[in-house]
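Colleague: generate a structure from the sequence data that follows.
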Amino acid sequence: MFFNRNSMILTAPVWLLFSIGVAVAQPILKSQAAQQKPLATAAVGDVARGQNWAPLCMSCHGAHGISTEQIYPNLAGQKETYLINAMHEYKNGMRLNPTMVAMASPLDSQVIADLAAFFSSLKPGN
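Modeller: So this is what the prediction gives:
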């Protein structure tokens, strides 16, 4: 691969400015998202209802909440409050994984609580 010294000299400051902009903007965006929509509500999760919704998650996170791919985290045995907060953070734009944002966005607080109750009730993986 051919690198032009002049283009690298010009590119480095641009990337530095971009990185600084991202570092400054991200906390501001998170703060705005938190102000616009509250995190987890007082919905009480139901394991049976969560099991009905679980197939939405299983294609990536595994049939029993234990992923076969390292890029997808295991959900089985995870703390219920962690799962609820994580899903609300995806839904509110505080976490920026495009797939998870798309999955969480249409879910209401009750469905999120039900899913969290179900996956937290499962035996954790290895």
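
Colleague: drop to CA atoms for contacts and neighbour counts, all remaining ones
Modeller: Fine.

Colleague: Asp46 is in contact with Ser109, isn't it?
Modeller: No. Assessed by C-alpha atoms under 8 Å, Asp46 is found out of contact with Ser109, at 12.0 Å.

Colleague: which of these two has more neighbours?
Modeller: A count of neighbours by other C-alpha atoms under 10 Å puts Ser109 above the other of Asp46 and Ser109, at 20 against 16.

Colleague: would you agree that one is in contact with Ala43?
Modeller: Yes. Between Ser109 and Ala43 a contact is recorded at 6.3 Å, counting by C-alpha under 8 Å.

Colleague: pull up the overlap in contacts between those two.
Modeller: Contact with both Ser109 and Ala43 is made by no residue, according to C-alpha atoms under 8 Å, 6 or more residues apart in numbering.

Colleague: pull the CA atoms of the helix or strand harbouring Leu56 into CSV?
Modeller: Mapping Leu56 onto the secondary structure by DSSP states H and E places it in helix 55-61. Only the C-alpha atoms of helix 55-61 are listed here, as CSV (Å, rounded to 0.1, in the frame of the first residue of the first chain):
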residue,chain,number,x,y,z
PRO,A,55,-37.5,-16.0,20.2
LEU,A,56,-36.9,-12.3,19.2
CYS,A,57,-33.6,-12.5,21.0
MET,A,58,-32.6,-16.1,20.4
SER,A,59,-31.4,-15.9,16.8
CYS,A,60,-28.4,-14.0,18.1
HIS,A,61,-28.2,-14.7,21.8
